[in-house]
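Student: This is a predicted model, with the sequence first.
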Amino acid sequence: MSKKGLNENIVFYISVLLTGAFIIWGIFFTKSLSTITSKIFNGTIDYFGWLYLGAALFFVLFSVYLLCSKYGHIRLGKETDKPEFRTISWLAMLFGAGTGVGIIYWSVAEPVFHYTAPPTGEGYTEAATNIAMKYSFFHWGIQPWAIYTVIGLALAFFQFNKRLPASVSSAFYPLLKDKIHGPIGKTIDILAVFATVFGIATSLGLGAMQISGGLEALFGIPNTLTVQITVIVVATILFLFSISTGLKRGIQYLSNTAMILSFLIMLLVLAVGPAFNIFNIFFNTMGSYVSDFFQMSLNLRPFGKSEWIAGWTLFYWAWWIAWAPFVGMFIARISKGRTIREFIIGVLFVPTLGTFVWLAIFGGSALHIIHNLGHKELAEKITSNVDLAIFSFLDYLPLSSVLSIVGFAVVLIYYITVADTSTFVLGMLSEKGSLDPSNKMKITWGIIQSMVASVLLLAGGLEVLQTASIVAAFPFSIIMVLMCWSLFKALKDEVKEHKVSIPKEKIS
């Protein structure tokens, strides 16, 4: 290969080399990798936990500021550009990329875990139910979506307004200028690819375990390693076919289908479950969430036991930041033609509200069955086998067989959607920020991701890899704070250069 060709694909080749090195390390020296990554992760949590909390809250405040500011009227792209996707499809795609299979995996399990072992007080009490729902809202609420909002908005603005490549390094042009094309910019992009590959590979492995668990619950197929690997192979074939059809067909159709099925299963659970109690849970939890928002956002318990905060809140914030390059890049790609105000409302508030409704229906119903109806054995089933959490819960409802089949379909489609969107983003990052990466590059990354997930599933190294990907979140949290500064600077320049301001008819 020529020197020019190597330089053009340097992000791809270095990323693949790093991926290969970590795979070998994870397979043959699992204990060594586990020890080192755990020490690094625990060190960042112990000494820089305040940075995760402060950064996540800052992203919320920064997003709200931009929403209410004069910059809200700036359009992502030309003033004549129209949105590429219908609003409902846009919301479906960004929700599928942002949470997707994760919210299905944890919407029942997390509230039950917090109920049995709350951060304060005794488990299995009425107070524990309220705390469980409040913290579930908190961990899946506005902070994660603010992280995605900040990086997605920055990437979209520099792609469509400044005509820069669709890469994370482009968001630093006001600070680095042409250095974004040099070693500093390449390092940022490689870090983004690294976090994406391992974050998604981990999710593919864990998702395969959940799907395999669903096959056992529904059809009696044993949940074995062979079945889990088979799930990954079949899913890989499906999403490779999907990505070859393009963004406007494959990913959009999958996301729309997943959204329709999600609404269907929510309505079914609401219809056969404790509907009126679900409404009470939703409004009660919203009240406590809003009331205690800042206290939870800055709570580190410096004079008490902070293991719970470290194991849940800080772990989540690091995990969301590790996912941010992939989710932000994808959201940016599908958001051309929308104003900054539309973007923030659509990415920050709509998915947050949808997530709260989902948690109230599934998590709230599970706690109602356990606490109000006295089925404490359900809590034991869920906490002992998280892979089967949603299926164990659905067994306690009427029409459980129908609900389980629909739930299984939702899990499977979201699983394929996440693999599809991440492969698309990796193609973008690897082809110098191309908005439409080649099928060859997407298929290459799709196969690599599935191989990583399969090999580490066999080697028992998935949790180790998850910790390794989260370690990358620490430097990326600092990068994201600098990204906000860079975006704000660019928006100020945009106003000066093009005299973008609040329209006269908006001024009263």
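Tutor: Arrived safely.

Student: buried set for the lengthiest helix in the chain?
Tutor: Across the chain, the longest stretch assigned as helix under DSSP state H is helix 30-68. Residues 30, 33-34, 36-37, 41, 44-45, 48-49, 51-53, 55-57, 59-60, 62-64, 66-67 are the ones in helix 30-68 that count as buried (16 or more other C-beta atoms under 10 Å). Heads up, the C-betas are built off the backbone N, CA and C, glycines and all.

Student: same deal with stretch 295-310?
Tutor: Buried, per 16+ other C-beta under 10 Å, within stretch 295-310: Met296, Ser297, Ser306, Trp308, Ile309, Ala310.

Student: Just the ones in strands from these, please.
Tutor: The members of these all map outside strands under DSSP state E.

Student: ok, the residues you listed vs Ile405, which is closest?
Tutor: Closest approach between these and Ile405, by C-beta to C-beta: Trp308, at 35.9 Å.

Student: nearest spatial neighbour of the closest one, skipping sequence neighbours?
Tutor: Pro119 (4.4 Å; C-beta to C-beta, 6 or more residues apart in numbering).

Student: cool, Val168 as well?
Tutor: Residue nearest to Val168 in three dimensions, not counting chain neighbours: Ala192, with 4.4 Å by C-beta to C-beta, 6+ apart.

Student: Relative to Ala332, how far out is the one you found?
Tutor: Applying C-beta to C-beta, to the nearest Å, the value for Ala192 to Ala332 is 12 Å.

Student: ok, the buried residues of stretch 295-310 vs Glu494, which is closest?
Tutor: Distances from Glu494 to the buried residues of stretch 295-310, taken by C-beta to C-beta, are shortest for Ser297, at 30.3 Å.

Student: contacting residues around the nearest residue to Leu57 once chain neighbours are set aside?
Tutor: Nearest non-adjacent residue to Leu57, counting by C-beta to C-beta, 6+ apart: Ser297, 4.6 Å away. Residues near Ser297 by C-beta atoms under 8 Å, 6 or more residues apart in numbering: Leu53, Ala56, Leu57, Val60, Gln143.

Student: Just flag the most distant two among those residues.
Tutor: Using C-beta to C-beta, those reach their maximum pairwise distance at Leu53 and Val60, which is 11.3 Å.

Student: Below-threshold pLDDT in the stretch 301-450 of the chain: ranges please.
Tutor: Within the stretch 301-450 of the chain, the segments meeting pLDDT under 70 span 304-305, 432.

Student: Residue nearest the middle of this structure, spatially speaking?
Tutor: Taking C-alpha atoms, centre = their mean, the centroid of the chain lies closest to Gly98, which sits 3.8 Å from it.

Student: Check whether that one really touches Val327, as I assumed.
Tutor: Yes: Gly98 is within contact range of Val327, at 5.2 Å (criterion: C-beta atoms under 8 Å).

Student: where do the contact lists of those two overlap?
Tutor: Here Gly98 and Val327 have Tyr148 as joint contacts, going by C-beta under 8 Å, 6+ apart.

Student: quick one, what contacts Leu225?
Tutor: By C-beta under 8 Å, 6+ apart, the residues touching Leu225 are Leu457, Leu458.

Student: Am I right that Phe303 is in a strand?
Tutor: No: read with DSSP: H, G, I helix; E, B strand; the rest coil, Phe303 is coil and lies in no strand.

Student: That one and Met296, how far apart?
Tutor: 17 Å.

Student: quick one on the thing from earlier: how about the residue nearest to Trp308, secondary structure?
Tutor: coil.

Student: roughly how far apart are it and Phe113?
Tutor: The gap separating Pro119 from Phe113 is 11 Å, by C-beta to C-beta.

Student: try Val425
Tutor: From Val425 across to Phe113, the span is 31 Å (C-beta to C-beta).

Student: Also Ser401?
Tutor: For Ser401, the distance to Phe113 (C-beta to C-beta) stands at 26 Å.

Student: more crowded one of these two?
Tutor: More crowded of Ser401 and Phe113, by other C-beta atoms under 10 Å: Phe113, with 21 against 10.

Student: Buried residues of the helix or strand harbouring the more buried one, list them for me.
Tutor: Element membership for Phe113 (DSSP states H and E) is helix 109-116. By 16+ other C-beta under 10 Å, the buried positions in helix 109-116 come out as Ala109, Glu110, Pro111, Val112, Phe113, His114, Tyr115, Thr116.

Student: Surely the first one and Ile382 touch.
Tutor: I take that to be Ala109. Yes: the pair Ala109 / Ile382 is scored as a contact, 5.6 Å apart, by C-beta under 8 Å.

Student: Please enumerate the shared neighbours of those two.
Tutor: Counting by C-beta under 8 Å, 6+ apart, the shared contacts of Ala109 and Ile382 are Ala389.

Student: sorry, back to before: next, the contact list for the residue nearest to Trp308, please.
Tutor: Pro119 touches Ile131, Tyr135, Trp308, Ile309, Trp312, counting by C-beta under 8 Å, 6+ apart.

Student: Report pLDDT for it.
Tutor: Listed pLDDT for Pro119 reads 92.

Student: now do Asn161
Tutor: If you check Asn161, the pLDDT there is 93.

Student: Could you tell me how many residues sit around it?
Tutor: Counted by other C-beta under 10 Å, the residues lying close to Asn161 total 19.

Student: Quick one: residues contacting it.
Tutor: Counting by C-beta under 8 Å, 6+ apart, Asn161 makes contact with Ile74, Leu76, Gly77, Glu494.

Student: hang on, Phe41 packs against Ala472?
Tutor: No: with contacts counted by C-beta under 8 Å, Phe41 stays clear of Ala472, the gap being 10.2 Å.

Student: Wait, Phe393 touches Gly364, no?
Tutor: No: if you go by C-beta under 8 Å, Phe393 and Gly364 don't touch, sitting 11.1 Å apart.

Student: residue contacts, Val347?
Tutor: Shown in contact with Val347 (C-beta under 8 Å, 6+ apart): Leu94, Trp145, Tyr148, Thr149, Gly152, Leu153, Ile331, Ser335.

Student: again, only this time at 7 Å
Tutor: Each residue near Val347 by C-beta atoms under 7 Å, 6 or more residues apart in numbering is listed here: Leu94, Trp145, Tyr148, Thr149, Gly152, Ile331.

Student: ok, now how distant is the third one from Thr352?
Tutor: Put plainly, it is Tyr148. Tyr148 is 11 Å from Thr352, by C-beta to C-beta.

Student: okay, the two: which has more neighbours?
Tutor: Between Tyr148 and Thr352, counted using other C-beta under 10 Å, the more crowded position is Tyr148 (27 against 17).
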